[in-house]
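K.L.:
structure for this input, please:
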Amino acid sequence: MTTTTLAVLVPLLPFLGAAAGLLLGRTSPGFVRPLAVLPPLASLVLAVTVAVRQGGGQAIDAHTELTPTGSVPVELALHIDGFAALVAVLVGVVATCVQIYSTGYLRDDPRYPSYAALVSLFTSAMLLVVYSGDLMVLLVGWEIMGICSYFLVGHYWETPEARAASLKAFLVTKLGDVPFLIGLFALATDAGSFRITSVLGTVASGGLHHPTLVALLLLAGVAGKSALFPLHTWLPDAMAGPTPVSALIHAATMVAAGIYFVARLLPVFQASSAAMVVLAVMAGVTMAGSGLAALAQDDIKRVLAYSTIGQLGYMAGALAVGDRGAAVFHLLAHGAFKALLFLAAGVVIHASGTNSLAVMSRMKGLRNRVPDAYWTMTVALLALAAIPPFSGFFSKEAVLGAAEHVATGHTEHAPGAAGWIVLITGMVTAVLTAAYATRLWLLAFHGQGTEAPDHGRQPVTMTAVLWVLAVPSLAFGLTYGPLPDWFDGRDLTPVLTTSVLGTGLALVGVVITYGAWRHTTAMALRVPLGAVAAHPDADAGLVEAEAIASHEPAFGDVAYVPDPADPGRLLLGPLHRHAAVGFHLDAVYHALFVRPVQAGAQLVRFLDREVVDTYVRGAGALPRWLGAAVRRAQTGNVQTYVSALLAGTVVLVVAAVLVATGA
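P.N.:
Residues are numbered from 1 along each chain as shown. Prediction:
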């Protein structure tokens, strides 16, 4: 079988699995789980085969005209180069792990058949984006992922949080997709084709007429899909969906699509220095802002969500300094350890019965209840914090090294300003990342108080995939040597300067956070049971802590309640309140966009009801009144009719006499 045929089957098999799952989900429930697991597993095997055959060499290209358009043709095209082949393998690995994990996590969910089918469709759409050589076909996969995210985030549609989160995710990403579509049309108009190779050829020959405008339009869509500032606000709220969905979205689909798109069309963005600086600013604000926000979150999944935003900022920063090799390297490494983080968090949530870190910090021995999640999550958090020799260290240092090369003028792939922005904010984010990773680990697994609840052993399908993903989280970074052959041939070896600085700053973040945690533990308050919610610094997590306080050892009428200033609160100080709500960006958007739209809708409703309807009602009222008057005159009494006739005759005679007399 040819490589092209195998590549076509890679996105096709999950699509067929999704269709079969939807058709057979109700009539043949026994087929649901095999149809959920086997197609992505087969797709993974084929993706690995395609990657081996491609081998980082010449790109595989194949195309056929999809339909005659009369102008710019739309083609069913494949363009598989080295990093496309590797990203497809990542998607296959994560999707297969998520489907296996979900068989245990959602084993009692009545809507599991539709969930599994949507996950398969999601996987198929991302693989279509990865392998597509035509921008219009890529857009099809891009939009299918958007609608799949809407349904999957809103899986628990009975809850208002899930409904609001799914709608928000859909609207915010669509907000970016409108300029994105315009940018694609402008790009194809200049190139005369939607083929990616033709577009890149046009850029190389200087045929792109408005590079800055096109790049900025495309960046709007990328910001929405990949949750970059300022369109990142949907991603933390998307945690209302099932935890395996979060792993899929954050690790291998949806948010990875925007970064992948920029990497594939990087010369388009490099044609405009202004666009590269804008991308660098977006990356810098995304990195630093998400790091601060993650340090203030109580929900374990929201911490990981802001973590994803920050790591996407690193990838965007690598692209802003013109190094797609470093960007994709971090995309691959991040995909492994972030999928592991979310799936391990699902085990922890399942065991503790809560998402709240404040409540978990009141549970003693949680790590003994979930040893698999504890050890694998420790590996993933070390990779996230970029501690050597874990994978995140090598991929993050590749980004910082690329930024340092641009900032110091050793390369001209991007403006020097972009290099400095990415380098400085990347270093600051290294401290913040290590800090919130350490805080999560300490609060989740080193709590003090009552014994953690014992729900028995977790399903093997949930724990086995954790160890599978722990392997690349630990060892994938060591592949930095041969990886350049799969990208642009650029060296990904860690740079001494940024390695020392980055690792040193990460260790500083770990030590400071640990010290703050020890301080807050030592300064734990002894307050009456009812005083927690009344405390001026109390938050929702502490109110939950009060709810379980009655199960803890009490000292008379006093329970042991931790100081509300957890490590994050202590480190951030007065900034904590603002960071906890994402620096009020949702409130700003509500004031700037939602309220004006609501006011406009109310004005339209007023005009429709009070003005338009008034005229409509008036137009109908006059004939109705005339009809009523005529109806009252029609009594059916002959004497009345004769009397009226005589009276009318008299009136006419009198009128005629008066007229004649006057004449």
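K.L.:
tell me the centre residue of the chain?
P.N.:
Centroid-nearest residue in the chain, with Cα atoms, centre = their mean: residue 235, separated by 4.0 Å.
K.L.:
tell me the contacts of that one?
P.N.:
Counting by Cβ atoms under 8 Å, 6 or more residues apart in numbering, residue 235 touches 169, 227, 250, 255, 305, 308, 309. Every C-beta, even on glycine, is put in place using the N, C-alpha and C of the backbone.
K.L.:
quick check: ChimeraX command selecting the buried ones in these.
P.N.:
Under the burial definition 16 or more other Cβ atoms under 10 Å, those of these that qualify are selected in ChimeraX by:
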select :169,227,250,255,305,308,309
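K.L.:
mind listing what residue 390 touches?
P.N.:
337, 379, 382, 383, 473, 474, 477.
K.L.:
if we go to 7 Å?
P.N.:
379, 382, 383, 473, 474, 477 (Cβ atoms under 7 Å, 6 or more residues apart in numbering).
K.L.:
closest to residue 15 out of those residues?
P.N.:
residue 473 (29.2 Å; Cβ to Cβ).
K.L.:
ok so that closest one is a helix residue?
P.N.:
Yes. Assigned with DSSP: H, G, I helix; E, B strand; the rest coil, residue 473 falls within a helix.
K.L.:
number of residues surrounding it?
P.N.:
29 (other Cβ atoms under 10 Å).
K.L.:
ok, residue 274 next?
P.N.:
That count, for residue 274 with other Cβ under 10 Å as the rule, works out to 13.
K.L.:
repeat for residue 378
P.N.:
16.
K.L.:
name the element it belongs to?
P.N.:
Following DSSP states H and E, one finds residue 378 within helix 371-384.
K.L.:
what are the buried residues along that helix?
P.N.:
So for helix 371-384, counting by 16+ other Cβ under 10 Å, buried means 372, 373, 374, 376, 377, 378, 379, 380, 381, 382, 383, 384.
K.L.:
distance of the fifth one from residue 408?
P.N.:
Okay, so that is residue 377. Distance of residue 377 to residue 408, given as Cβ to Cβ, to the nearest Å: 37 Å.
K.L.:
which residues in the stretch 351-500 of the chain form strands?
P.N.:
With DSSP state E, counting those that start in this stretch, the ranges of strands along the stretch 351-500 of the chain come out as 363-364, 450-451.
K.L.:
just to revisit the earlier point, using pLDDT, spot the least trustworthy of the contacts of residue 390.
P.N.:
In terms of pLDDT, the lowest of those is residue 477, showing 88.
K.L.:
hang on, it packs against residue 394?
P.N.:
Yes. Residue 477 is within contact range of residue 394, at 3.2 Å (criterion: Cβ atoms under 7 Å).
K.L.:
for these two, indicate the residue with more neighbours.
P.N.:
residue 477 (30 against 25).
K.L.:
show me the contacts for the nearest residue to residue 284 once chain neighbours are set aside.
P.N.:
Using Cβ to Cβ, 6 or more residues apart in numbering and skipping residues adjacent in sequence, the residue nearest residue 284 is residue 425, 3.6 Å away. Applying Cβ under 7 Å, 6+ apart to residue 425 gives the contacts 284, 287, 288.
K.L.:
which helices and strands does the strand or helix carrying residue 326 pack with?
P.N.:
Remark: residue 326 resides in helix 324-352, with elements defined by DSSP H and E. Packing partners of helix 324-352 (3 or more Cβ pairs under 7 Å, 6 or more residues apart in numbering; DSSP states H and E): helix 82-105, helix 243-251, helix 255-264, helix 300-320, helix 366-369, helix 371-384, helix 391-407, helix 460-475.
K.L.:
buried stuff in the last one?
P.N.:
If you call a residue buried by 16+ other Cβ under 10 Å, then helix 460-475 has these buried ones: 461, 462, 463, 465, 466, 468, 469, 470, 472, 473, 474.
K.L.:
got it, and stretch 18-33?
P.N.:
Here stretch 18-33 shows 18, 20, 21, 22, 24, 25, 32, 33 as buried, counting by 16+ other Cβ under 10 Å.
K.L.:
what pLDDT is listed against the residue nearest to residue 193 when sequence neighbours are not counted?
P.N.:
Of all residues not flanking residue 193 in the chain, residue 72 sits nearest, at 6.2 Å (Cβ to Cβ, 6+ apart). The model reports residue 72 with a pLDDT of 85.
K.L.:
check residue 262 too.
P.N.:
pLDDT at residue 262 comes out at 96.
K.L.:
does it touch residue 270 like I think?
P.N.:
No. Using Cβ under 7 Å, residue 262 is not in contact with residue 270, being 10.4 Å away.
K.L.:
more neighbours: the two, which one.
P.N.:
Neighbour count, other Cβ under 10 Å: between residue 262 and residue 270, residue 262 has more, with 24 against 19.
K.L.:
please name the residues that touch the residue nearest to that one when sequence neighbours are not counted.
P.N.:
Among residues not flanking residue 262 along the chain, residue 319 sits closest, at 5.0 Å (Cβ to Cβ, 6+ apart). Counting by Cβ under 7 Å, 6+ apart, residue 319 touches 262, 263, 266, 279, 327.
K.L.:
list of residues touching stretch 132-145?
P.N.:
Taking Cβ under 7 Å, 6+ apart as the rule, stretch 132-145 contacts 61, 63, 74-79, 121-122, 125-126, 128-129, 184, 188, 194-197, 253-254, 257.
K.L.:
buried ones among those?
P.N.:
Buried, going by 16+ other Cβ under 10 Å: 63, 74-79, 121-122, 125-126, 128-129, 184, 188, 194-197, 253-254, 257, out of the contacts of stretch 132-145.
K.L.:
where are the low-confidence patches of the stretch 551-663 of the chain?
P.N.:
Low-confidence segments of the stretch 551-663 of the chain (pLDDT under 70): 551-565, 663.
K.L.:
which residues of it fall in strands?
P.N.:
Using DSSP E, counting those that start in this stretch, strands in the stretch 551-663 of the chain cover 554-555, 558-561.
K.L.:
check contacts around the residue nearest to residue 467 when sequence neighbours are not counted.
P.N.:
Counting by Cβ to Cβ, 6+ apart, residue 467 lies nearest to residue 376, which is 6.3 Å off, once chain neighbours are set aside. Shown in contact with residue 376 (Cβ under 7 Å, 6+ apart): 340, 344, 466, 467, 470.
K.L.:
among those residues, which two are most distant?
P.N.:
Farthest pair in these, by Cβ to Cβ: 344 and 467, 10.5 Å.
K.L.:
what about the spatially closest residue to residue 366 that is not a sequence neighbour, neighbour count?
P.N.:
Setting aside the residues directly before and after it, residue 366 is nearest to residue 452 in space (Cβ to Cβ, 6+ apart), at 4.1 Å. The tally of other residues near residue 452 (other Cβ under 10 Å) stands at 22.
K.L.:
what comes up buried for stretch 105-124?
P.N.:
Buried, per 16+ other Cβ under 10 Å, within stretch 105-124: 105-106, 112-124.
K.L.:
run through who's touching that stretch.
P.N.:
Contacts for stretch 105-124 (Cβ under 7 Å, 6+ apart): 11, 14-15, 17-18, 21-22, 25, 29, 32, 36, 39-40, 91, 95, 98-99, 102, 144-145, 148, 151-152, 155, 242-244, 248, 253, 346, 462.
K.L.:
those residues, buried ones only, as a ChimeraX selection?
P.N.:
Buried subset of the contacts of stretch 105-124, written as a ChimeraX selection, criterion 16+ other Cβ under 10 Å:
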select :11,14,15,17,18,21,22,25,32,36,39,40,91,95,98,99,102,144,145,148,151,152,155,242,243,244,248,253,346,462
